[in-house]
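> One predicted model, sequence on top.
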Amino acid sequence: MKNRITEVFNIKYPIISGGMVWCSGWRLASAVSNAGGLGLIGAGSMYPEVLREHIQKCKAATNNTFGVNVPLLYPNIEEIINIIIEEGVKVVFTSAGNPKTWTKKLQDSGIKVAHVVSSSKFAVKCQEAGVDVVVAEGFEAGGHNGREETTTLILIPQVRKSIDIPLIAAGGIATGNGMLAALALGAEGVQIGTRFALTQESSAAAEFKNLCVNLNEGDTLLSLKKVGPTRMIKNEFYKQVQEAEDRGASAEEIKALLGRGRSKKGIFEGDLVEGELEIGQIASLIKDLPLAEDVVKSIITEFNASAKALSGISF
């Protein structure tokens, strides 16, 4: 399986694990890379020196390419970028900010850059900024989402028509059939978050993982829209946010309610009542907690079987 995504990142399969806060440490990133995909370390929940430690451990655990996901609004962004360059990381996925700011500096250091967007408009801006790859993420995804609330099914073909550079689809993809659908719509690879968050190597709390594999359709919804749309599991904290939003609370009030460390409390520490529990819609289809290697294998097996079955179909 060779295409522009596998060539840009020097990987076997065009499967990228999301750089998720409190889930994507060196164990998950190295496991995905060892399985032939591209594992990402999630810098969004790490202090600079913690990130350096995870990068060094990941280098020791895999000889394959791995990367780091960096929210560009990170308070220590310059220090983070310098650590990534110093440690010889080959791939960086950026999000939540202007890709023009750091893309050239990273590329001048031999790093391939992908940027995550939620609309065709911002995909074009990424291409103009010179990024190597665009990731288009539909609002089925967990965690922080675009305000447009465009689904992956609609977003991918629109972005494909808007740009010429390699395109990765994200949001609501967890299976080989999902990957096949994304590629049929014009993507050349997939970024998968929730499925890898719910694996043995994910650093999320066992309580969080066990809750997620028992979710049903409709158990996650977008919230925190005045601060930044975030897909969460409906729990007591979610109810508090919704009540505040329903009565017209200001963004400042919502931020005060959110406080600090709310997602750490829920995802990493396993507080299922007061924590911010971020996960994608696709969680309702996931009922197990396998090894990351087995996830990659099952995706490729199902993708190949479905592609073969569909190849002879015509109307």
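Alright, I've got the coordinates. Residues are numbered from 1 along each chain as shown.
> neighbouring contacts of the helix or strand of the chain with the lowest mean pLDDT?
Between all helices and strands in the chain, the lowest mean by mean pLDDT, DSSP states H and E belongs to strand 143-144, at a mean of 90. Residues from elsewhere that reach strand 143-144, judged by C-beta atoms under 8 Å, 6 or more residues apart in numbering: 20-21, 95-96, 193, 228-231, 278, 280. Where C-beta positions appear, they are placed from N, C-alpha and C, glycine not excepted.
> Please apply the same query to stretch 171-181.
With C-beta under 8 Å, 6+ apart, stretch 171-181 has contacts from 15, 137-141, 151-153, 155, 182, 190-192, 194-195, 280-282, 285-286, 298-307, 310.
> ok, 6 Å please
137-138, 140-141, 152, 182, 190, 192, 195, 281-282, 299, 302-303, 306-307 (C-beta atoms under 6 Å, 6 or more residues apart in numbering).
> swap in stretch 156-167?
Counting by C-beta under 6 Å, 6+ apart, 4-5, 8, 120, 123-124, 127, 133-134, 136, 169, 185-188 sit against stretch 156-167.
> who touches the residue lying closest to Thr101 once chain neighbours are set aside in this structure?
Counting by C-beta to C-beta, 6 or more residues apart in numbering, the nearest residue to Thr101 once its immediate chain neighbours are dropped is Leu72, at 6.4 Å. By C-beta under 6 Å, 6+ apart, the contact set of Leu72 is 94, 96-97.
> Read off the pLDDT value for Lys287.
If you check Lys287, the pLDDT there is 98.
> mind giving me the domain ranges of this structure?
4-203, 206-282 (automatic domain parsing).
> chain center to the last one, what's the gap?
Here the centre of mass of C-alpha atoms in domain 206-282, compared against the chain's by C-alpha atoms, centre = their mean, to the nearest Å, lies 17 Å away.
> Now do the strands in the stretch 1-150 of the chain.
With strands called from DSSP state E, counting those that start in this stretch, the stretch 1-150 of the chain shows them at 15-17, 39-42, 66-71, 91-95, 112-117, 133-137, 143-144.
> a markdown table please, covering those strands and showing mean neighbour count and distance to Asp219.
Formatted as a markdown table, these follow (neighbours: other C-beta atoms under 10 Å; distance: least, C-beta to C-beta, whole Å):
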| stretch | mean neighbour count | distance to Asp219 |
| --- | --- | --- |
| strand 15-17 | 31 | 23 |
| strand 39-42 | 30 | 23 |
| strand 66-71 | 26 | 25 |
| strand 91-95 | 26 | 25 |
| strand 112-117 | 25 | 24 |
| strand 133-137 | 28 | 20 |
| strand 143-144 | 22 | 15 |
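> got those as CSV, with distance to Asn235 columns?
Putting the strands of the stretch 1-150 of the chain into CSV (distance: least, C-beta to C-beta, whole Å) gives the following:
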stretch, distance to Asn235
strand 15-17, 25
strand 39-42, 22
strand 66-71, 24
strand 91-95, 25
strand 112-117, 26
strand 133-137, 24
strand 143-144, 15
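> I appreciate the help and will end here.
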